[in-house]
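Asks: Whatever this is, show me its structure:
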Amino acid sequence: MGESSIADNVESDLKGNTLRVYWYMIQQGTFVGVREVQRALSMSSPSVASHHLGKLVDMELVEKRTDNSYELKRLVKVGVLRNFVGYRGVLLPRYTFVAFFFTIFTISYLALTMFSPITLFDRYIAIAVGAVGALFGWFETYRLWKLKLV
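Replies: Numbers count the residues shown, from 1 in each chain. The predicted model follows:
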């Protein structure tokens, strides 16, 4: 079975509550127990949480440990997870970096123009480009952050 076939199978199976459980495990960054998942995701019973953890084990994304806890085995970027980037153990919306770049660009430009003679038209164009880029980046970051499943 090829790598793309495995990714397609994971993409078709990783949705709904199973995706929520997977997302929760990614956020925790450590092993989790059935009852912990059940409480954190407000599932009706531990057996529901166990079912979804079992599905993740079958997909080879999670590994069951000897103490009956579950540990993240591998990270796949399918569905909504494509819009996030892992940075120092935290999943951030991918537009966060664009937003930071344009925000720093605009602030730096404003600081530099205080000391050098630039025409008014140049100043407005640069500020407009920076502000529009920053607003776009922050809007998309907020939109993706609200998309979080947990």
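
Asks: from here on, contacts and neighbour counts on C-alpha atoms
Replies: OK.

Asks: and the helix or strand hosting Glu63, which strands flank it?
Replies: Assigned by DSSP states H and E, Glu63 belongs to strand 62-64. Strand 62-64 pairs in its sheet with strand 70-72 (antiparallel), by DSSP bridges.

Asks: For the partner strand, give the mean pLDDT please.
Replies: Averaging pLDDT along strand 70-72 gives 87.

Asks: Next, count neighbours for the closest residue to Gly133 other than its chain neighbours.
Replies: Using CA to CA, 6 or more residues apart in numbering and skipping residues adjacent in sequence, the residue nearest Gly133 is Phe102, 5.6 Å away. Neighbourhood size, Phe102 [other CA atoms under 10 Å]: 21.

Asks: quick revisit: can you list the residues that contact the strand holding Glu63?
Replies: Residues outside strand 62-64 that contact it (CA atoms under 8 Å, 6 or more residues apart in numbering) are Leu53, Leu56, Val57, Tyr70, Glu71, Leu72, Lys73, Arg74.

Asks: which one of those has the most neighbours?
Replies: Greatest neighbour count in those, by other CA under 10 Å, goes to Leu53: 28 neighbours.
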